[in-house]
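J.: The following block contains a protein sequence and its predicted model.
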Amino acid sequence: MKIINIPYVSEIASKITEAFPFHNAACIDGKILGALWAIYQIRNVLPIIHGPIGCSWQRKFALMGSEIHYWTPCTAWSETEVVYGGEEKLYKAIVEAYEKFKPKMIVVLTTCASDMVGDDVEYVVDRARKVVKCPIVYSTGDKVGKTRQVGSQDVLYSIVEQYVVPNCENVEIEDGTVNLMTIGGEYSRSIVTELEGVLKAAGLRVNKIYFEDREVEELLELAKVRVNVVPYYQVWARYLSDVKGVRDFVLINFEEYDLEKAYPLGYEAAINKIFEICKLANVEPDEKSLERFYKPMLDRFEKIKRRVSGLKVCIENDWGTCMLFALKLGLKIEALVFWTEQYRGHGYSESSIKMMIDGYVQYLRQYGQDPEVIVDEKFENVIDKIKRRNIDLVITGWWSKPFKYHKNGVVAISSRNLKLFFEFGLTPLINAGEVLIKKIEKGIPTNPVVDIEINEKLPYLSKRWGELTLLFHLNRYEKPE
Amino acid sequence: MKKIAIYGKGGIGKSTISTNIAAALAEMGLKVMVVGCDPKTDCTRNLHGGKMIKPLLEYMRELGLSEVDVSEIITGKQITLEGLIENNVIVRGYRDVICIEVGGPEPGIGCAGRGIILGIETLQKVGIFNYFKPDITIFDVPGDIVCGGLAMPLRRGFADQVYIVTSAEYLPLHAANNLLKAIKRFANRGGSKLGGIIYNARGHIDRPEIVEKFAEITGTSVIYKIPKLPEIVEAESKAKTVIEYAPESYAAKIFRELAYKIVNNNRQDIPRPLKSEELHKLYVQYVEQL
Amino acid sequence: MNLIDPVHDCRLVGVVRAVTGIHDCALIIHGRPGCHSGPLGLQSQTSSQRYVNVVYSGLRSEEMVTGGEKRLKLAIENVYKVMKPKLIVVASASAAGIMGDDVDGVIGEISSSVKCRIVHISACGYSGPEWTGYEDALVKIVETVLEEYKSRQSFEKTKNRISIVGFHPDEPFWRGDLQELINILKEILNVDISVVLNWCSIEEISNIVNSDLVVVLGGDGLSVADYLKKNFNIEYIVTPYPIGIKNTIDMIYSISSKLGIDINTKKLEAYEKYVRDIIEDFQTYVEGIYGNVRCVIVGESSRAFSLANFLLNELDFDIEYIGIRSRNYVTDSELLKWKNSEILNDRYELYKKILEISPEVVYGSTFERDIALRCGCALVRYCYPTLDRVYMSDRTIVGFRGAITLIEETINEMLNMQEKTELAYLSKMNDTKLLER
């Protein structure tokens, strides 16, 4: 039976599952889910989960998406393995997996059970490599420190370390060649729709876009280009840079307060990134071609900008993308609302959160914006302030509730609808701008059917989800005595 | 660069021997590193006199539990060599011996084996061996290998040679025989091989011949015999090695010889551990003979 | 077998399912983040989000070395402060189990400061399958709630008052099923219901002691019924899960016979007429499937066999195979009645079986979606876990109305095969935007 990992996710279906406040709100995925996300993008790769059945069965559904990981075989640990170790079972499982499925690659994922018991998975995999006729890679989650997302980072790093580097020949790398990487799923589509095109226009040759629907052999080409362009810091890309001299270029730098340096959104930011990539690729960018490429998009963008420029907005619980969007469209950012528990969910300290907010405000002031900053206030107070400022539109945070604003007579749209995260260039701004215009024209629904009780401490969540989220943060980040 | 691991029954004198060897080697002009793997964090005490040394796992725990800054949103808190040095995880002891204590859980809770895996992998990852380039590294590992984690130094890429410390009493020999099983398993898969047995006269029976016979039957040899010497205990009570405490003493001479032997010992034995009944039979016979 | 692609979860999800729907109960999973996020996702995507109650103890990777007892103590205190539950269930997962965290000790230590009942259930992934977690957790919860009643000599039992065990408020159609079950029992049997486990509050669980009878649906939760019989002398019966008309009538007659009460035959006739009227309205659709469908059923024992009975005895379907993904204490006797049924261990074996049989309809869950597509057959979702559909209305698959729903679902999914066939063809012709990137 063929392994068919289905790498594609329905954007329409995902609209629904994205509303669940999971990732870094009420929970985090765990390394196995992150690993499966990466594995499932590549054709004919079979994961073997070395641990109890729960680590396998529960991971069949992707928390934040609508996809199912149908194939998650495991070594089904019992008490016997906990006491005596599971090395022999793993070896037999790998051999059995190959005989049954004939995958193009096997990736062994350890679990906390096998990690704690101390199974020497490296040895078992080495032994199995002598017998099994496909590459075998193992991933423990320990190779990438705390780099997020640990599961996917570790798997991709392990694949590069154990398969790509030992197997790629020493070819002469051509200047001007690049690989692109997407987040996968419904995110970072503009890397495919825009970035690929603009790099070609600049004079670069885009070899492949990873990792979606790639064959195992195609992974070797990760080491055959001048630059690997990644959406955010990837340990595997940095490793390739260190050992093979294949440079890595990071599109999104979350730690930057200069939003244009942080996010490659908008024409100027995009062009700057392209120039940097060209420099790394040892190629002079074809500026005329770039101008021609962007002209139609710029025209469209200007039309949108003319329609919305000057609109007064309030931006809630943002990571910078909506602020940048507002700046680019010439909107007036009247207020920024922060319910800081959202940032605490990522492990941010109080001082970091304050620095981040101050950083954003300072950045906006450079562009003549002077928003009122509303931090950790009750929802009713926020509504009051919004109304007093005659704000035209609120762009809410990812999980926040537009209908709450509608119930209070304020036009609001969720940043989920704008799809700006992990995106590149002008296309996302144009799409988001069109969505914004439609929203303004549509106004507030006369009788919104949705109304739920919001959490008092975390007004961007419902009562119960707020409690669960608060508990997740407290239990995870508070220091026990 | 040579890496050795020292195993043996709890209380047999591993840490005493490791630290004295380390001091002797440092005196010879070699660059030495000692990695203590016991959760009690007392392996390197004799080298730094009980100086403030932060166990590696405790440092990792503090770092892991601390909040991240904006700049660390993706990478998280990273463990670096500089961080280890600044936070006294790596300290210099007698004659600049590099001392590290991996640390571990308090008694009765947690998982020490997992701790050793994490600790040793972390040291490898931060590049400690490439940075300090010690001529010799000594891993001092707790008592019995009761789970996979405690055998970490025996895996490929860690210790080149293993030494077992034992006395002539039955229980330490039994423990040593048990350790041979683990060594044999790892040796067969490309891991550490046995450099030999170090006889340490403890307890009531001081009969190195028993241990020599045991070594012969199990396919190895006793590379050195350490007699009972009062200076060793005295030095330890002062949190010092004999090399430092009584450099002219006979005990110091013993350790210098042992250190020399270890540096020049290239044995890579794959042991043949005995079955429990065989060991018991051998022991009883030999003790009767003697 | 060394390699298994599991069809059921470990004890942990069993514990989660036992706690799902208990309104004022909190579940702390003392394990690693993955052990928490999976169950949280499963619970919130299948059951009521008003009562989502799966919380993480916060066990960090560093604490896998030093132990997680202090972390757990903090978590219990936090949960008590924030959620103010009447009962806290602590489920220890693999990491805590291997480390040997003394969870009972922590609970003992904290009981003076946290003024609610706390129970511990070992739910390590390596220690057993899902159904054992469910049974053990449910018994422990009931035992804890009824602790104060144990010393009493007798209880005032209210005549014709029953308690229901074996209802799962995380299955597709659960809202409608609950309502339909209650309606049938009240209208046809005129009984009062003490509690429906586990869609209830902690206080409602204590009402069990006043029950005249415990009805165990499909065999799930039998250990609770056993416990109640031994400790409170409450009789119980095991009835089929009321899928289909025959199973529903069997359930009604079992209860009536045990309690010695009359059945409201007028109401029963009215329900039957309801079914007949609808079938008349859609007669040729129903004729289209009657005696004319080859199917495979995959699911939990308590549901799968009931469904099989309905499909075979009321719709004359050919039941080619019944794959039981999760069992209970009565599964063995059911297996004997169905020659072509077996307990599943491995998804690969299930897939091979389905491909070999090549049925027209698979009755299962979301996890059977790909095999149904690859096999080219329809998938009717009727059991847990169904994650790609929501059932917000009061449609039901229980009872008389439930029979109609199942017929409706079967017909619609079979009709939908035309759409899937067209999609496959358009994909072959490269003329669909569905994979447009």
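T.: All right, it came through fine.

J.: Contacts only, for residue 69.
T.: Here I'm looking at chain A. Going by C-beta atoms under 8 Å, 6 or more residues apart in numbering or on different chains, A:His69 touches A:5, A:36, A:40, A:59-62. C-beta coordinates here come from the backbone N, C-alpha and C atoms, glycine included.

J.: oops, I was thinking of chain C
T.: C:Glu69 neighbours (C-beta under 8 Å, 6+ apart): B:109, C:101-103, C:105-106.

J.: Tell me where the stretch 151-290 of chain B is predicted with low confidence.
T.: Along the stretch 151-290 of chain B, the model assigns pLDDT under 70 to residues B:156, B:290.

J.: Against B:Phe158, how distant is the residue of it at minimum distance from chain C?
T.: Closest approach between the stretch 151-290 of chain B and chain C, counting by C-beta to the nearest C-beta: B:Met152, at 13.0 Å. Counting by C-beta to C-beta, to the nearest Å, the gap from B:Met152 to B:Phe158 is 7 Å.

J.: Which one of those two is surrounded by more residues?
T.: B:Met152 (26 against 22; other C-beta atoms under 10 Å in any protein chain shown).

J.: so what's the more buried one up against?
T.: A:118, B:37, B:116-117, B:120-121, B:158.

J.: burial of A:His406, as a residue count?
T.: Neighbours around A:His406, by other C-beta under 10 Å: 20.

J.: Centre-most residue in chain C?
T.: C:His168 (3.7 Å; C-alpha atoms, centre = their mean).

J.: Contacts only, for that one.
T.: With C-beta under 8 Å, 6+ apart, C:His168 has these contacts: C:17, C:20-21, C:174, C:198, C:220, C:384.

J.: circling back: closest to B:Ala201 out of the contacts of B:Met152?
T.: The closest of those to B:Ala201 turns out to be B:Cys37 (C-beta to C-beta; 24.8 Å).

J.: Could you give the number of residues near the closest one?
T.: Every residue meeting other C-beta under 10 Å relative to B:Cys37 is counted, giving 27.

J.: repeat for C:Asp192
T.: 16.

J.: so what's it bridging to?
T.: Counting by DSSP bridges, C:Asp192 forms beta bridges with C:Arg161.

J.: wouldn't it be in contact with C:Ser163 here?
T.: No: between C:Asp192 and C:Ser163 there is no contact under C-beta atoms under 8 Å: 10.1 Å.

J.: So A:Val108, which state does it fall into?
T.: What DSSP: H, G, I helix; E, B strand; the rest coil gives for A:Val108 is strand.

J.: Next one: it from B:Ile100, what distance?
T.: 30 Å.

J.: what about the helices in the stretch 1-150 of chain A?
T.: All helices of the stretch 1-150 of chain A, identified by DSSP state H, counting those that start in this stretch, fall at A:11-17, A:31-39, A:54-57, A:79-84, A:87-101, A:112-117, A:121-129, A:150-159.

J.: what stretches of the stretch 101-250 of chain A score poorly on pLDDT?
T.: In the stretch 101-250 of chain A (pLDDT under 70), no residue qualifies.

J.: So which bits of it are right by chain B?
T.: A:115-120, A:122-123, A:127, A:142-143, A:145-148, A:232-233 (C-beta under 8 Å from any C-beta of the partner chain).

J.: Do you know the pLDDT at B:Met52?
T.: For B:Met52, the pLDDT comes out at 79.

J.: Enumerate every residue touching it.
T.: Counting by C-beta under 8 Å, 6+ apart, B:Met52 has contacts B:88, B:91.

J.: roughly how far apart are it and chain C?
T.: B:Met52 sits 20 Å away from chain C, going by C-beta to the nearest C-beta, to the nearest Å.

J.: One more: A:Gly345?
T.: 12 Å.

J.: And for the nearest residue to that residue once chain neighbours are set aside, the neighbour number?
T.: Nearest residue to A:Gly345, sequence neighbours excluded (C-beta to C-beta, 6 or more residues apart in numbering or on different chains): A:Asn24, at 4.6 Å. Using other C-beta under 10 Å, A:Asn24 has 18 neighbouring residues.

J.: Ok, A:Asn167 next?
T.: 12.

J.: The stretch 351-481 of chain A against chain C: which residues are in contact?
T.: A:462, A:464-465, A:467-468, A:470-472, A:474-478, A:480-481.

J.: restrict those to those near chain B?
T.: A:Tyr477.

J.: Spell out for me the PyMOL command that would select the buried members of the residues of the stretch 351-481 of chain A next to chain C.
T.: A single PyMOL command selects the buried members of those (16 or more other C-beta atoms under 10 Å in any protein chain shown):
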select buried, chain A and resi 462+464+465+467+468+470+471+472+474+475+476+477+480
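
J.: Pull the most distant pair out of the residues of the stretch 351-481 of chain A next to chain C.
T.: Top of the distance list for those (C-beta to C-beta): A:Ser462 and A:Glu481, 31.9 Å.

J.: contact partners of stretch C:101-109?
T.: Outside stretch C:101-109, the residues touching it (C-beta under 8 Å, 6+ apart) are B:109, C:30, C:67-69, C:72-73, C:76, C:90, C:92, C:96, C:118-120.

J.: burial count for the closest residue to chain A within chain C?
T.: Proximity of chain C to chain A (C-beta to the nearest C-beta) peaks at C:Gly34, 2.4 Å away. C:Gly34: 28 surrounding residues under other C-beta under 10 Å.

J.: same thing with C:Arg369?
T.: By other C-beta under 10 Å, neighbour count at C:Arg369 equals 18.

J.: quick one: it from A:Asp258, how far?
T.: From C:Arg369 to A:Asp258 the distance is 45 Å (C-beta to C-beta).

J.: can you check C:Ile407 too?
T.: Taking C-beta to C-beta, one finds C:Ile407 at 62 Å from A:Asp258.

J.: Quick check on these two: which one has the bigger neighbour count.
T.: A direct count of neighbours by other C-beta under 10 Å for C:Ile407 and A:Asp258 places C:Ile407 higher, at 22 against 14.

J.: Over to that one. Which of the three states is it?
T.: helix.

J.: Help me confirm that it comes into contact with C:Phe317.
T.: No: in this structure C:Ile407 lies outside contact range of C:Phe317 using C-beta under 8 Å: 10.9 Å.

J.: quick one: average pLDDT of stretch C:182-200?
T.: 94.
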